[in-house]
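[1] Coordinates only, no sequence provided:
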């Protein structure tokens, strides 16, 4: 009698063999026919069980919690911004479903934005802007006074390097062109076009050499136990510290003055003792870095030059 190899046959409880437990079984033609016939009758049970029970019965899988639930409704989209004109210039009105209060901010590109909370009104937003026009005027004045780096990095442009706005100068031309920032020389593929991505990549490589070494040095001076130091491309912070002794630093610290770089490192080192920003934490910072307030002022004034 001829025999057939059948996979995914019925289990002892009448359900299909579960995935991962299926074995190829050798049956006679009649036995295979009977098994397939029984398999064909199983779907009729679906009239007495729900979908999740069917899937358990057939042994396909046991659904995780929430698999068959209706997906949550998507958040309401933010409304399109509206621009109004004031004596201090244009102000963008933006409604936010997450905001609880009216808020007025001045972006780095000079755009003033008034945020309207979910249940707020444009009329109240306009009144809020009028009440804070003096603040907006002062903020615009401070922004105009801040140093600005070049948007496009080409020879002759000034960029922030080692704490100073420094001119990009051509060191050598020809087949292997180089540019220099003060006493530091950098190789570039070509002198034409925007050099920003090329130079920033080289800044980051230098940072990965310099910053860990300086961190270990200051850790030894303060008696701190640092497990690991990483250098990252962070867009919103200068550094961070984890409870396991890992310190992460922003590669852009090589563009800052030495006293600012050291302050950030000291700041993160003191977090190994105080994982907060309490008065006791700041007292520890002041002990190891007496000039930390000067560093904070430099960051506030110049951080936007490098996008922080």
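    All right, it came through fine. This structure is a prediction, so every number in the text was calculated from the model and none was measured. Residues are numbered from 1 along each chain as shown.
[2] rest of the way, CA atoms for contacts and neighbours
    Will do.
[3] Okay, helices next: where are they in the stretch 101-250 of the chain?
    For the stretch 101-250 of the chain, the helices defined by DSSP state H, counting those that start in this stretch cover 122-131, 133-145, 196-222.
[4] just checking, what packs against the shortest one?
    For helix 122-131, the packing partners by 3 or more C-alpha pairs under 8 Å, 6 or more residues apart in numbering; DSSP states H and E come out as strand 112-116.
[5] hang on, the earlier thing: for the helices of the stretch 101-250 of the chain, which has the smallest mean pLDDT value?
    Mean pLDDT per stretch puts helix 133-145 lowest among the helices of the stretch 101-250 of the chain, at a mean of 83.
[6] Give me the helices and strands touching that one, please.
    strand 103-106.
[7] Which parts of the strand it packs on count as buried, going by neighbours?
    103, 104, 105 (16 or more other C-alpha atoms under 10 Å).
[8] and residue 113, how many neighbours does it have?
    Using other C-alpha atoms under 10 Å, residue 113 has 20 other residues around it.
[9] On the pLDDT front, check it for me.
    In this prediction residue 113 is given a pLDDT of 92.
[10] Surely it touches residue 105?
    Yes - assessed by C-alpha atoms under 8 Å, residue 113 is found in contact with residue 105 at 5.3 Å.
[11] circling back: compare the helices of the stretch 101-250 of the chain and give me the one nearest residue 294.
    Nearest of these to residue 294, taken as C-alpha to C-alpha: helix 133-145 at 17.9 Å.
[12] For the closest one, buried residues please.
    Within helix 133-145, the residues scored as buried using 16+ other C-alpha under 10 Å are 133, 136, 140, 143.
[13] how many neighbours does residue 160 have?
    The burial count for residue 160: 22, using other C-alpha under 10 Å.
[14] I'd like to know the beta-bridge partner residues of it.
    In this entry, residue 160 is beta-bridged to residue 165, by DSSP bridges.
[15] quick revisit: need the helices of the stretch 101-250 of the chain in a markdown table (columns: distance to residue 261).
    Below are these laid out as a markdown table (distance: least, C-alpha to C-alpha, whole Å):
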| stretch | distance to residue 261 |
| --- | --- |
| helix 122-131 | 38 |
| helix 133-145 | 23 |
| helix 196-222 | 9 |
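[16] Nearest to residue 234 among these would be which one?
    helix 196-222 (11.2 Å).
[17] Low-confidence stretches in the stretch 151-300 of the chain?
    Counting by pLDDT under 70, not a single residue of the stretch 151-300 of the chain qualifies.
[18] Please enumerate the strands of it.
    In the stretch 151-300 of the chain, the segments counted as strands under DSSP state E, counting those that start in this stretch are 158-161, 164-172, 178-181, 184-187, 228-232, 239-241, 246-250.
[19] would TSV of the ones you listed with distance to residue 305 be doable?
    Output for the strands of the stretch 151-300 of the chain, formatted as TSV (distance: least, C-alpha to C-alpha, whole Å):
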stretch	distance to residue 305
strand 158-161	7
strand 164-172	9
strand 178-181	16
strand 184-187	20
strand 228-232	18
strand 239-241	17
strand 246-250	15
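[20] out of the ones you listed, nearest to residue 117?
    The closest of those to residue 117 is strand 239-241. By C-alpha to C-alpha, the value is 31.6 Å.
[21] any residues touching the closest one, and which ones?
    247, 248, 249, 250, 264, 265, 268, 269, 271, 272 (C-alpha atoms under 8 Å, 6 or more residues apart in numbering).
[22] go again using 10 Å as the cut-off
    226, 229-232, 234, 246-251, 253, 264-265, 267-272, 275 (C-alpha atoms under 10 Å, 6 or more residues apart in numbering).
[23] just checking, residue 229 touches residue 251?
    No - checked against C-alpha atoms under 10 Å, the pair residue 229 and residue 251 is beyond contact range at 11.9 Å.
[24] Between these two, which has more neighbouring residues?
    More crowded of residue 229 and residue 251, by other C-alpha under 10 Å: residue 251, with 24 against 18.
[25] From residue 243, how far off is that one?
    21 Å (C-alpha to C-alpha, to the nearest Å).
[26] Nearest residue to residue 181 in space, please, no chain neighbours.
    residue 168 (5.5 Å; C-alpha to C-alpha, 6 or more residues apart in numbering).
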